[in-house]
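[1] Following is a predicted model, sequence given first.
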Amino acid sequence: MPDDPWPWHPRSDDDLIAYTLAVLWALTTGRALRTDVPPRQWHERELIDFWSDPVFEEVARP
């Protein structure tokens, strides 16, 4: 059996929602978060970098 890319499994509805949103955003942006810990243990900077919207970052401002 191949290694599980997410070694932890959602244990609550909140974990499942966080997992689902993170996977969808990763597929949309090509970004990835650490998979060695559950979402509640991700660091603030990791979350900011992951969730920042690249569309807003590329907008030229006057």
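    Now that the structure is in, tell me what you want to look at.
[2] C-alpha only now, for contacts and for neighbours.
    OK.
[3] where along the protein do the helices fall?
    13-29, 44-51, 54-57 (DSSP state H).
[4] will you turn these into a markdown table that also has distance to residue 35?
    Shown next, in a markdown table, are the helices of the chain (distance: least, Cα to Cα, whole Å):
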| stretch | distance to residue 35 |
| --- | --- |
| helix 13-29 | 10 |
| helix 44-51 | 12 |
| helix 54-57 | 22 |
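[5] quick one: which of the ones you listed has the weakest pLDDT on average?
    For those, mean pLDDT drops lowest on helix 54-57, to a mean of 64.
[6] Now do stretch 25-37: distance from first to last residue.
    18 Å (Cα to Cα, to the nearest Å).
[7] List the buried residues for that stretch?
    Going by neighbour count (16 or more other Cα atoms under 10 Å), the buried part of stretch 25-37 is residue 33.
[8] mind checking how far that stretch is from the chain centre?
    4 Å (Cα atoms, centre = their mean, to the nearest Å).
[9] Nearest the middle, which residue of the chain would you pick?
    Centroid-nearest residue in the chain, with Cα atoms, centre = their mean: residue 22, separated by 3.5 Å.
[10] residue contacts, it?
    By Cα atoms under 8 Å, 6 or more residues apart in numbering, the residues touching residue 22 are residue 33.
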